[in-house]
Structure formats: C-alpha cells, structure tokens
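> Let me see the structure of the following:
(2 chains)
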Amino acid sequence: MSIVTLENVTKTYATDTVSVEALKGINLSLDAGAFISFIGPSGSGKSTLLNLMGCLDKPTNGKVTIAGREIGSMDRKTAAQFRGDHIGFIFQSFNLIPVLTVYENVEYPLIMVRRESPEKRKAKVMELLEKVGMADQKDKFPGQLSGGQKQRVAVARALVTEPKLVLADEPTANLDHATAYSVIRLMHEMQEKYSTTFIFATHDPKVVKEAETVFTIEDGLIVSVQHGGEK
Amino acid sequence: MSIVKIAWRNLLRYKRRTALTAALIIIGVLMVIVFGGIGNSFKSEVIESLTSSNLGDFQIHKTGYVGSMDTLPLTMNIPEKAIKTIEATLKNNPEIAAFSERIRFGAMISNYEQTTNVRLTAVDPAQETATCPGIVERVQDGKTGKDALIPQGTILIPQNIAQGMKLKVGSETVIIATNKDGSVNGMMLTVSGITENVQGPQGKDAYINIEDARTILRMESGEISEIAVRVKNFDKLEKTAAAVKAELAKMGAGQNGKQMLELHTWSELSPFSSIANIISLLLLMTRFILLFIVLVSVLNVMTMSVYERIGEIGTIAAIGTSPSKIMGLFLTEGFAMGLLSSIAGAVLGVVTLLVLNAVKLPIRFGNRTYLIAPEIPYTEIALSIAVVLVISLIATLLPAIKAAKMEPVDALRHV
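I've put the predicted structure just below:
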C-alpha cells in the first residue's frame, strides 16, 4: 500500500528577477513501512521533495498525496493538524526546543497536537525514551546533551505520535561516525517495531547503505532508483 | 507542561532582557501608584480643609449672588420665606449631614487707632461648627471648642488682621457696616479668637455671631446671604447636590424669570478646583507615560523574541502546532511579562506609600502645611495593572501574528 504518491509534481521558486525550477515533474509512489533514501548533490531538489512530502510546502503543479490525503488543497491549520497526526520530522540540527527538558520535548506533540491524557502521555514518552536510551537523561535540557543524544531525543519526538511517515533531512550530518551509526540503527529498529515509513534526504553513505530503496535526484528529476537487492 | 510554563521559561531564557523590560514596567507602575497616591491624598486633604473649614460641600444662594460675590451684596439675600422651604428640603434629604445659614457682608474694623476693611461671615455657631467643623481647628488663639465659638458680642479675626492691628484675644474692636438701605451702623465686639488665614491672597475673613450681624445691619426679617451644606458621603456629592438642585427648582422663578435660587458645589466656588484638575491631568499624563513605556518595551522585546526564534517557530509548526497556538504562545509571554511586572510594580508602590504614610510627607500650600499620609489607591492599582495587561497584549499582538503567519518551510531555513 502506498503512503506517498507524487504525480507530475513540479516546484518553482520565483523571485522578481529569477525563477528556479527545483522539481521538474516527479512521479513516484512509496510503500508504507519502507526505509527510503533520497540522495543527490546539493541543490538537486532533495529537501524540496521532503518539504512537499512533509506537507510543509505545496507543489507548483501536480498532485501530492500523503496517507490518502491530497495536500494541495489544505489550509494552514488543516496542514498543521495533518502533520501532527501523520508525520514525524527529524532535522539535521536536531531542532529541540531549548527551554524544554528531554521529557518535555518528547511530550510536546502529545500536548500541543494530540491533547492526550497525562497518564497516556507519560507512558508513551517513557516508552520512547527507554527505546532510544535517553530515559535516564529525561530531566536534562538540550543544551546539556551531546549531538548524538539530541538526535535520539529528536527520533523519540518524531515517533511519539505514532506517525505513518517520518521524514529525516540529513539526520546524521552533524554527528560523528559512531554516533551516526547508532542513530541509524535506532531508526531502523523503530521502523521495524512501529512499521513506520522512514524517508531520508541525505549525502551520508551510512544511511544510504541501510536504505531499502534509494532514489537519486539530479537537477529536479529522479535519475535512478535502486532497491535493496541491487546495491 | 502548559503554554504558560513554556512562556515563562522563554521569558527566563533571556534573563537580562526580560529583567530590563520588567524593570521599565515596574518603574512605570510604581510612578503611577506613588504619584497617584500622593496627588490624590493632597487633593483630598486640601479639599477637606476647604470644605470643612469654610466652604461647606455646596452652597445655596439667590440666583446671581455668586457672580457678585466679590462685593458681598446685601441686596441679593435669600428671603425669609424661601429659607423655610430650603430648610425643609435639606432636612428631608437623608444625605445632608448639616447646614449653616450665613450673612456675609463687607465692613470696617477699628481698634480706635487703625481701621481696615474686613469680610464678615455671620453665623450661628452651632450650625457652623456642625457644617464646617474645621473652623474649630483653625482657631490658634482664644476659646476653642464648638460651644465656646463666637458667642454674641464677639468676633473671630484672622491672623493677618490681628498682627496688623495688634489685636489679641479680649481686645475691643468696633465694626462699622452699611446696610442695604445705605445707613451706616457700628457695634463694639470683643476678640474671642484668632484664626489661621483662609486660602486666598487677602485672607481678611472674620466671623461674628449672626444675631450681631442682624443688629449691625438692622435687619428686620430673617434673610440670609447663603446656606453652606455638608453632605454625609462626599463621594456622592454630585448626586446629592443634583437632587437638592432639583428640589430648589420647584420653588419657581424669581422676578427676572430665572430660577430664584442657585446651587454651587465647592469646586465651582474655589479656585483650588483648577489645581485639583491640574493634578488629575498630571496623573492622567503619568498613566499615558506608563502606557507608552509598556507599549514600546513589550513590543521591542517580543519582536526580538520572534526574530530570534524563527527556526524554533518553524519546528513547532512542522510538528503540528497550529498557527493559533503559536500566536497564543507569544501572547502568553507578553501577558505574563505584563502581569508579573505590574504586580511587582504595584507591590513596590504599596510599600512606598505605606512608608510615606508612616513618615507623613509635609507639603506647604498657601498658608498651611499639609501632612500628606497617602492612602493605598486601590482603584489606581487595579487600573494600572489592567492598563499594563491590555497594552502588553496589544504590543504582543503584532509579533505574535507575525509568528503565527510564518510559513514553516521558510522558518525552518533559519535554523
């Protein structure tokens, strides 16, 4: 079953003087529960594609369908609610909220988006923190954590709402080799445990190696697709 | 974790900036409360002094008398027949505490060596002390106490006449006056006491017994110049005065077609009302200054806060926070800053006023020194906090809307 479908999707960024076509007609369909990577040089259109799949941006032309919903017609409020319900995000710079503790960062989406009861929230947050190995650090603030620890917390935050889809833009770019591996392993474990679809935009060969499907993008077009067995 | 907790932590995140903004608001609120407390207490003290020692809370005259008051005309007195009706009206009004019927006229006072002019207020001592109890406190030398004040055959003179004419308690004086028919008459009166000068440039106001005035002026009827009235509740003065005025209007028109009687409250009779208005205006100005301090400082701090947290706004928007909640987050921050700062300012203001109340601030005005013991202006405090809260919200609204309208995809690029 397809979780993400793009049909003839183009995206153009235009200023008064310059117009840049970031995506030039993308067609793809991604299966639920997959571990997928988009690779390509800087400026090839990876992040633009992730923004569209994350319901953060709208295509100039074409149709983007996520979890059965066409995103082009959504208003800002509906899009925010949709993201909160169905999509998790992992960022290159971790993007944890600095004034909240590890526990509160993971709890945040459950309060602001889901409004779950305190008991349910606590159970879910602690379960995720145990899984990512950060339960003993739950009262620390992001400023007191290492890069790897921050990304573990970010993974827990992305998964706490049990989203169908997790989008990760260069999740290992700011991590050292060993930490990057441990984070990738963690995401893989989470994918297997929760059957979540993980989609990466990355340059990192370590991530690429773990991916079941690898799409290569160049100049706004998908130029190759490699499946696990073909690597 | 709630939106309030996040807002509070964000305020503490930039401690120095928050402290500076809060300090500005605290100083503003403190200024308004302390200035308000002192200003209002000074106003109350002076008004109380004026009304309780001389003016009464309001006065009733024959129409046109107040316009000619400088000459103290005897031809514009309230006739005896009307007095009975006025007395009945005042006695039937439960808000009236007391009233004093007076005859006022100009005269000459002599110590057999020197003569000077004097403005005489002739009163019934019992009525006058009930209406203007402050007159007793003004007696600096001589018999005090309301029962001993101005018996027949005596005169209570102001300090400046006593000094100028070397008069003491017990000194003999002669009062010479012209009545409304133009005939001149005189009477010997003994100085029974010396009072503080009343407000005003001349201060040559003396008191005699109303029976002596009738004799000097050869009045055959019980006519009077004015009735000074004291109300039970000063806060209801305007309402009470309006009710009495309405009753007086029923008495019909005089010969010239106008209402026979006119009523003026103290503020229409005393030049201090202009000073009181200036004090009120200054209080209003301090409120406006506070308003601008809050507006500019909160707008500044919240705008900076939004610009510094664009990436963070992008993150919380990306993970599903609705635009209205993002707006609520910033509005809560602005509101919390306004609330805490205004409460801190109010507490400091109350403490300052309590200290001033204990110390008693001396302020000299006219011939008197008023010891100002400012009371806690609860209305001023509530108003200041409300103004700060409303302005904090208004000042935060613009940055909060900007934050809520940010496209997450654009905001995330600022990380």
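
> Please identify the longest helix in chain A, counting by residues.
Assignment by DSSP state H gives helix A:177-194 as the longest helix of chain A.

> And the next helix or strand past it?
strand A:197-202 (DSSP states H and E).

> before we move on, the earlier item: now the angle from the longest helix of chain A to strand A:197-202?
160 degrees (axes from the mean of the first three to the mean of the last three CA atoms, to 10 degrees).

> Contacts for helix A:177-194, please.
A:33, A:35, A:90, A:131-133, A:146-148, A:151-152, A:155, A:159, A:162, A:166, A:168, A:171-172, A:175, A:196-198, A:204, A:206-207, A:210 (CB atoms under 8 Å, 6 or more residues apart in numbering or on different chains). All C-beta spots, glycine's among them, are computed from the backbone N, C-alpha and C.

> residues of the helix or strand of chain A with the lowest mean pLDDT that come out buried?
When the helices and strands of chain A are scored by mean pLDDT, DSSP states H and E, helix A:177-194 comes last with a mean of 82. If you call a residue buried by 16 or more other CB atoms under 10 Å in any protein chain shown, then helix A:177-194 has these buried ones: A:179-184, A:186-187, A:190-191, A:194.

> Throw those into JSON lines and include distance to residue B:283, thanks.
JSON lines is the format used below for the buried residues of helix A:177-194 (distance: CB to CB, whole Å):
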{"residue": "A:179", "distance to residue B:283": "63"}
{"residue": "A:180", "distance to residue B:283": "66"}
{"residue": "A:181", "distance to residue B:283": "70"}
{"residue": "A:182", "distance to residue B:283": "66"}
{"residue": "A:183", "distance to residue B:283": "63"}
{"residue": "A:184", "distance to residue B:283": "68"}
{"residue": "A:186", "distance to residue B:283": "64"}
{"residue": "A:187", "distance to residue B:283": "65"}
{"residue": "A:190", "distance to residue B:283": "64"}
{"residue": "A:191", "distance to residue B:283": "68"}
{"residue": "A:194", "distance to residue B:283": "64"}
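
> Now do the residue nearest to residue A:33 when sequence neighbours are not counted, the pLDDT please.
Spatial nearest neighbour of residue A:33, excluding adjacent residues (CB to CB, 6 or more residues apart in numbering or on different chains): residue A:195 at 4.6 Å. On pLDDT, residue A:195 comes in at 84.

> can you check residue B:293 too?
pLDDT recorded at residue B:293 is 86.

> In what element of secondary structure is it found?
With DSSP H and E as criterion, residue B:293 is part of helix B:272-308.

> Could you check how far stretch A:22-35 is from the centre of its chain?
14 Å (CA atoms, centre = their mean, to the nearest Å).

> If you could redo that for stretch B:364-381, that was the one I meant.
10 Å.

> which stretches of chain A form helices?
A:46-53, A:76-86, A:102-109, A:118-131, A:147-159, A:177-194, A:205-210.

> tell me the secondary structure for residue B:213?
Under the three-state scheme (DSSP: H, G, I helix; E, B strand; the rest coil), residue B:213 adopts helix.

> correct me, but it touches residue B:107?
No - checked against CB atoms under 8 Å, the pair residue B:213 and residue B:107 is beyond contact range at 9.4 Å.

> Which residues are in contact with residue B:384?
By CB under 8 Å, 6+ apart, the contact set of residue B:384 is B:29, B:32-33, B:287, B:290, B:342, B:345-346.

> pretty sure it is in a helix, no?
Yes - assessed with three-state DSSP, residue B:384 lies in a helix.

> Please report how far it lies from chain A.
30 Å (CB to the nearest CB, to the nearest Å).

> If you average the pLDDT over the helix or strand residue B:208 falls within, what comes out?
Residue B:208 belongs to strand B:205-209 when assigned by DSSP H and E. Average pLDDT, strand B:205-209: 92.

> what does that strand contact?
The contact list for strand B:205-209, computed with CB under 8 Å, 6+ apart, reads B:54, B:109, B:118-125, B:128, B:135, B:150-158, B:161, B:175, B:189, B:195, B:197-198.

> Tell me the strands beside it, with direction?
strand B:115-123 (parallel), strand B:154-158 (antiparallel) (DSSP bridges).

> looking at these, which is buried most?
Comparing those by mean neighbour count (mean count of other CB atoms under 10 Å in any protein chain shown), strand B:154-158 comes out on top with a mean of 26.

> Counting by contacts, list what the helix or strand following it packs against.
Scanning forward in sequence from strand B:154-158 by DSSP H and E, the next helix or strand is helix B:159-164. Applying 3 or more CB pairs under 8 Å, 6 or more residues apart in numbering or on different chains; DSSP states H and E, one finds that helix B:159-164 makes contact with strand B:115-123, strand B:184-195.

> Pull out the buried residues from the last one.
Taking 16+ other CB under 10 Å as the basis for neighbour counts, the residues of strand B:184-195 that come out buried are B:187, B:189, B:191-195.

> now stretch B:205-224
B:205-210, B:212-214, B:216-217, B:219, B:222-224.

> Which pair of these spans the longest distance?
B:205 and B:222 (23.0 Å; CB to CB).

> since we're on the residue of chain A found nearest chain B, how many residues are nearby?
Ranked by CB to the nearest CB, the top residue of chain A for proximity to chain B is residue A:84, at 2.1 Å. As a burial measure, residue A:84 scores 21 neighbours (other CB atoms under 10 Å in any protein chain shown).

> For chain A, what's its nearest residue on chain B.
residue B:320 (2.1 Å).

> Sticking with that residue, tell me its helix or strand.
Short version: residue B:320 belongs to no helix or strand, going by DSSP H and E.

> Touching stretch B:250-270 from outside, list them.
B:47, B:50-51, B:55-66, B:78, B:82, B:85-86, B:199, B:237-238, B:241, B:244-245, B:248-249, B:273, B:276.

> and the nearest residue to residue A:222 once chain neighbours are set aside, what is it in contact with?
Counting by CB to CB, 6+ apart, the nearest residue to residue A:222 once its immediate chain neighbours are dropped is residue A:215, at 5.4 Å. Neighbouring residues of residue A:215 by CB under 8 Å, 6+ apart: A:28, A:36-39, A:222, A:224-225.

> Dump those residues to a markdown table, plus neighbour count.
Compiled in a markdown table, these are given as follows (neighbours: other CB atoms under 10 Å in any protein chain shown):
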| residue | neighbour count |
| --- | --- |
| A:28 | 18 |
| A:36 | 19 |
| A:37 | 23 |
| A:38 | 25 |
| A:39 | 22 |
| A:222 | 21 |
| A:224 | 12 |
| A:225 | 12 |
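
> I'd like the residues you listed laid out as CSV, including pLDDT and distance to residue A:70.
Converted to CSV, the contacts of residue A:215 look like this (pLDDT from 0 to 100; distance: CB to CB, whole Å):
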residue, pLDDT, distance to residue A:70
A:28, 93, 15
A:36, 93, 21
A:37, 93, 25
A:38, 94, 21
A:39, 93, 27
A:222, 93, 21
A:224, 93, 27
A:225, 93, 24
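
> residues touching residue A:75, list them.
Counted by CB under 8 Å, 6+ apart, residue A:75 has zero contacts.
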